[in-house]
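Student: I'd like to go over a predicted model; first the sequence, then the structure.
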There are 4 protein chains.
Amino acid sequence: MDHQQSLSELRAQVDDINMQILELLSQRARIVSEIGKIHTAMGNAHYDPAREAEMLTRLQQANKGPFSNQTIQALFREIFRASLEMEEQQARAKIKVQRKSADERTIIQLPNGAVIGDGGFQLVAGPCAVESDEQMEEAAAALAARGVKIIRGMAFKPRTSPYEFQGMGETGLQIARRVADKYNMAITSEIMDASQIPMMMDYVDIFWVGARNMQNSFLLKALGKIDRPVILKRGLAATLEEFLYSAEYIVASGNPNVILIERGIRTFEKWTRNTLDIGGVAVLKLESHLPIIVDISHSAGRRDIAKPLARVAKASGADGLMVEVHPNPPVAMSDAKQQLSIPEFNALMDELVELA
Amino acid sequence: MDHQQSLSELRAQVDDINMQILELLSQRARIVSEIGKIHTAMGNAHYDPAREAEMLTRLQQANKGPFSNQTIQALFREIFRASLEMEEQQARAKIKVQRKSADERTIIQLPNGAVIGDGGFQLVAGPCAVESDEQMEEAAAALAARGVKIIRGMAFKPRTSPYEFQGMGETGLQIARRVADKYNMAITSEIMDASQIPMMMDYVDIFWVGARNMQNSFLLKALGKIDRPVILKRGLAATLEEFLYSAEYIVASGNPNVILIERGIRTFEKWTRNTLDIGGVAVLKLESHLPIIVDISHSAGRRDIAKPLARVAKASGADGLMVEVHPNPPVAMSDAKQQLSIPEFNALMDELVELA
Amino acid sequence: MDHQQSLSELRAQVDDINMQILELLSQRARIVSEIGKIHTAMGNAHYDPAREAEMLTRLQQANKGPFSNQTIQALFREIFRASLEMEEQQARAKIKVQRKSADERTIIQLPNGAVIGDGGFQLVAGPCAVESDEQMEEAAAALAARGVKIIRGMAFKPRTSPYEFQGMGETGLQIARRVADKYNMAITSEIMDASQIPMMMDYVDIFWVGARNMQNSFLLKALGKIDRPVILKRGLAATLEEFLYSAEYIVASGNPNVILIERGIRTFEKWTRNTLDIGGVAVLKLESHLPIIVDISHSAGRRDIAKPLARVAKASGADGLMVEVHPNPPVAMSDAKQQLSIPEFNALMDELVELA
Amino acid sequence: MDHQQSLSELRAQVDDINMQILELLSQRARIVSEIGKIHTAMGNAHYDPAREAEMLTRLQQANKGPFSNQTIQALFREIFRASLEMEEQQARAKIKVQRKSADERTIIQLPNGAVIGDGGFQLVAGPCAVESDEQMEEAAAALAARGVKIIRGMAFKPRTSPYEFQGMGETGLQIARRVADKYNMAITSEIMDASQIPMMMDYVDIFWVGARNMQNSFLLKALGKIDRPVILKRGLAATLEEFLYSAEYIVASGNPNVILIERGIRTFEKWTRNTLDIGGVAVLKLESHLPIIVDISHSAGRRDIAKPLARVAKASGADGLMVEVHPNPPVAMSDAKQQLSIPEFNALMDELVELA
């Protein structure tokens, strides 16, 4: 077909020009690097807005199209920025959370022997919040009986309203730790502020960053400096790109052990609390080597579709799922509608066992 | 716990009042029905806005709260409306597409023996659009070889821009029919206007209503009057409730054979073309007895996650999936990026066979 | 050689390279523009991620630093984006509804002397639906008293549920016509199917295409063949680009007299029925020469913010507004919550008069 | 008995039943209100679909017609909805940021004499980020010349990627303070973590909480304990209700001086960076006594609609607007596309002066 042939020829020309531009960009970068060294020697800042403005003016005078001056300006601004950042960043690798090869993966080992990201399917389960010794004891016993290795031990609850239950605080962590130790389970618990790290290190096996804090870069950087895994929840209107960049904040700060969790995004649909982005899970498995688990409780906001969603999570290629389980959901202090009772949880496990 | 006890007692009181209101509403309806008969005898319209305004004024004067007058007005307006509609609608059953019992289901039989909705997992596949005899022949041969029974034979393409390929029209249907007959396949093809029905009846086994026409009630009613199955695609920003009501337009007009298709909803996320609402599929299986299939092509807009999405569709409990397959995707006249090549389709089938 | 001298020399080299890059970017843009024309001719989307990925891979293989592969990727992504924007702009340059010069505008003359799009601010008002002679008489008298020249005469109502009030049909149009003639008003009325055109031509001055039919290209093309203005409502999840392309269907089919109406888009926010996209109105005024009016009733779904929204509509540069007014909103057969009563409408007019 | 007589008698019966229903609805509302208080005390959501489903089932079992079960269901759903709205209104009645009377308003006095919320229209302007002494000097001189009293002095930038410019830190605050003092301007500056409060107290007149931190309740509570105004930005997918609850965190912790800022919400539309929710601004003015300003830069993401958006902001009833202004936008280190140049800013001011 003519069109196909023309396309091939034009594309070859574009490829050729791309290579020439690349060569010029590299030359330019080497010269700018020299300039940078002189600036350093002279004690100047590297950033020189007046010089940039001058270059842009010159380019606009020379530009004869077809790109508009505005576009040329924008493109060169990117080149300037890249040059500026080059020196600061040359040492830096490219994005750390990006998968470099098809079989690269981050495998996370927990102190109780549980593993996330090795190709198995791991469960994180437990009540929405720690409410009492009895509640945690009952939940943990039921979960342990079905082989669950990681329990929710949430003691700080970020809530929409200041008048809602905000969690038991450190007392809750003590309860969770005691119960978890009894059943040889690992604890994951939500952190809300960097100042809580030292205290929480005494109790928590996996730090949990909630959806509302996904872009709290101050907190993310602080969690990048500790030696303990972090579960990072997708913000309720975060793109997958923003989600990966948030993980990058932690990994680039020094902590490679990040687990992503997809929890449904905010859309117009109201028969489910959020819209589980299962296609996003599949994309994240392609793009990143970090393990990903699927939150089947918050994404649905209703327990009557827990079984199909658990099957779906497994089918998607995710590394596990998160489900809220409470000994007595109707009296739970938060998320009452979506937590599974223990019999419901057992039915869910039967379903998953069948799939395995 | 005190709170629980108080709740129980108050709820019992509410239940009691509900029953009293129910009784009064029924009495009221019987009287209004008498009034209606008198209106009919007198040749009057049933709708009497002046009388309604008068009743509302009286109620507002009597209202002492805690409901605001506005709320009381709104509630009684609903009562008036219900009364008005009662006579016209008493014969009508409740919503027809709503599942009445857990095992109720609509099973659709096609002339070539294929069945949708019987608990099996049916595939609908084929190119985005009919482009030529050769293209359809090649696609159909490959699909038939893997047991596909329903082929896309799209000859009218609703496009965003008037300058995009709009389909081959009736010629395309002729091609599709010839090829389908050769391989004993059923054809599904998109209809865009009620006026096309008589012509299309000669070629098409399943009418297809696209996302842009999901709320074209004129077309839906017309399709309710024919004796041929209809695939109804969810609008790209339609709620599940609106989706079911659109199906109801067809079923209430006389055609029970409707197949729902979830194709992803429009959200802010851009790494997939749309966001596949797999939770919605699970909810629809609970709410409706109509069969549901999952469109893994338009929901993703990228072929590299076709395999996990096919597994997910099956895991969700859906009755089948729809996938676009083209002998030569790069030169397809529409949707080039998301159509599978034939080898990619074969790999997908291998994956599904493994699951079965 | 001192620092300043070295700097000057290196800067001269950078300037020289800048010019070479500029020249290559311009060459590249011209070729890409050719490619774009071929894509348009083939009916393909301009955005081709596979091709971009291929180019990036080649560039990374060729890159020898000092820019990291990541930086080269980012810079070329900007170049790709600029090229894509240019192609899309060029494709749009041929679009008929696109404004070619700052002062180009479509001005619509109605038989009763009313004008839309001449820089004035025109009101379209009236009940959600025609319900009776008395209702229309009362509404029209009130509207005419305040100078409104265009009345809603809606006789076919596209409803979510088949069991809701579907309009009075042709009887409603007869009522609307009689009342409009009495008060020298023009009528706008919703059309749902191309087959209604001949009948409606007897009654209607401006055809109205509802949000549910914005992409019913069959209907749009039919309306492009008649000699009567069309109000086109934005679909509830339509992008501005899709909106303009729908207008293009009508204009390209031969009818230049299209009026756009922004009516709020579907988002997660629920305190208003939809989210009025006022920034979109400002963008449409830049992009298109068609007149645009703002629907302050459906966008809000509540009458208590009608006044600020009317002020906002005027401030945005729109050519008018649409507001639902009913003699007795509480008993209206549809949209009861958002229609203004006549005293509320009068207060709104006082507000607008103050602004003028 | 003739028809008219029968009608009168039947209507009297209907009136009587109406009054009985009204009485029961009021009783019911009082009990539901008690239930609501218990839910609030328990930290539960008021909406309880399981309980509603149970009541509906009971009503359907008891219903003997003539209303269909469907109608009874619909009517009681309206009653439930009205009850729910009442409960939520009552829960909100205690909310501190909720307007209790039409003329209640929070007026914020700044040390340089500027006032926000007194019915005037205040401007907040300045560069996206502090980049240098010269940049701030030039910006401040231009802003002060047009009477702007509040300047952006942003020194901590929350960015999507860890590799983007993160702000100058305390050095930036020092620059901003020096320049602001010279021109008698107040400074607003973004805070990212509670630990920054003591340091920032030395420089900042109004703390700024960014969209990413809108639900960082730890930070909000800390800002509630200081005696300095706070600008709170709406999260990019926050509902108006969530927005007000975030303000409530600050106010309930002791700091009444909160200024809301609407900055556009995330939607599917891409011709603007976000969708300015101007209807939301109108609703917030009704619901809350806090001052509200409109961010015309981030909501649009493009400078070519700055003028209409400024007019719209004023028309909406907002207390001011925020606009990014940079002496040299093309070389800005962030948000280059949306910042106004100084001549563009001057043109905007001319437009606003004309409106005043």
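Tutor: Cool, got the structure.
Student: flag every buried residue along stretch A:131-140.
Tutor: Neighbour counts over stretch A:131-140 (16 or more other C-beta atoms under 10 Å in any protein chain shown) mark A:131, A:135-140 as buried. The C-beta positions use only the backbone N, C-alpha and C, and glycine is treated the same way.
Student: the residues you listed in helices, which ones?
Tutor: If you go by DSSP state H, the buried residues of stretch A:131-140 have A:135-140 in helices.
Student: so the closest residue to A:Pro66 other than its chain neighbours versus B:Leu286, what's the distance?
Tutor: Ranked by C-beta to C-beta, 6 or more residues apart in numbering or on different chains and with sequence neighbours excluded, the top spatial neighbour of A:Pro66 is C:Ala29, at 4.7 Å. Counting by C-beta to C-beta, to the nearest Å, the gap from C:Ala29 to B:Leu286 is 54 Å.
Student: next one: A:Ile187
Tutor: 34 Å.
Student: comparing these two, which residue is more hemmed in?
Tutor: Remark: of A:Ile187 and B:Leu286, A:Ile187 carries more neighbours, 26 against 14, as counted by other C-beta atoms under 10 Å in any protein chain shown.
Student: over to the more buried one. Which of the three states is it?
Tutor: Recorded secondary structure, A:Ile187: strand (DSSP: H, G, I helix; E, B strand; the rest coil).
Student: all the helices of chain A, residue numbers only.
Tutor: A:2-42, A:49-62, A:69-89, A:133-145, A:170-182, A:197-200, A:217-223, A:240-252, A:278-287, A:306-315, A:342-355.
Student: out of those helices, which gets nearest to B:Lys96?
Tutor: helix A:306-315 (24.2 Å; C-beta to C-beta).
Student: the closest one and chain D in contact?
Tutor: No: applying C-beta under 8 Å from any C-beta of the partner chain, one finds helix A:306-315 separated from chain D by no less than 14.7 Å.
Student: with distance to D:Val204 and pLDDT added, can I get the buried residues of stretch A:131-140 in JSON lines?
Tutor: Rendered in JSON lines, the data for the buried residues of stretch A:131-140 read as follows (distance: C-beta to C-beta, whole Å; pLDDT from 0 to 100):
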{"residue": "A:Glu131", "distance to D:Val204": "40", "pLDDT": "90"}
{"residue": "A:Gln135", "distance to D:Val204": "44", "pLDDT": "92"}
{"residue": "A:Met136", "distance to D:Val204": "43", "pLDDT": "96"}
{"residue": "A:Glu137", "distance to D:Val204": "48", "pLDDT": "96"}
{"residue": "A:Glu138", "distance to D:Val204": "49", "pLDDT": "95"}
{"residue": "A:Ala139", "distance to D:Val204": "46", "pLDDT": "96"}
{"residue": "A:Ala140", "distance to D:Val204": "47", "pLDDT": "97"}
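Student: hang on, the earlier thing: out of the ones in helices among the buried residues of stretch A:131-140, which touch chain B?
Tutor: Among these, no residue is within reach of chain B (C-beta under 8 Å from any C-beta).
Student: and of those, the nearest to D:Glu78?
Tutor: Comparing those against D:Glu78 with C-beta to C-beta picks out A:Gln135 as the nearest, at 37.3 Å.
Student: what about the residue nearest to the closest one when sequence neighbours are not counted, how many residues nearby?
Tutor: Leaving aside its sequence neighbours, A:Gln135 sits nearest to A:Pro327 (C-beta to C-beta, 6+ apart; 5.8 Å). Per other C-beta under 10 Å, the neighbour tally for A:Pro327 reads 21.
Student: cool, A:Lys285 as well?
Tutor: A:Lys285 has 21 neighbouring residues, counting by other C-beta under 10 Å.
Student: next one: the one 4 residues further on
Tutor: Burial of A:His289, expressed as a neighbour count using other C-beta under 10 Å, amounts to 19.
Student: quick one: it from chain D, how far?
Tutor: With the distance defined as C-beta to the nearest C-beta, to the nearest Å, A:His289 ends up 18 Å from chain D.
Student: please verify my assumption that that residue contacts A:Lys96.
Tutor: No: taking C-beta atoms under 8 Å as the definition, A:His289 is not a contact partner of A:Lys96, at 9.4 Å.
Student: for the nearest residue to A:Pro111 once chain neighbours are set aside, what are phi and psi?
Tutor: Ranked by C-beta to C-beta, 6+ apart and with sequence neighbours excluded, the top spatial neighbour of A:Pro111 is A:Asp205, at 6.1 Å. With angles defined as degrees, to the nearest 10, A:Asp205 sits at phi -90, psi -30.
Student: A:Asp205 reaches A:Asp181, doesn't it?
Tutor: No: counting by C-beta under 8 Å, A:Asp205 sits too far from A:Asp181 to count as a contact (10.8 Å).
Student: which one's more surrounded, these two?
Tutor: Between A:Asp205 and A:Asp181, counted using other C-beta under 10 Å, the more crowded position is A:Asp205 (20 against 12).
Student: contacting residues for that one?
Tutor: A:Asp205 makes contact with A:110-112, A:150, A:180, A:186-188, A:228-229 under the criterion C-beta atoms under 8 Å, 6 or more residues apart in numbering or on different chains.
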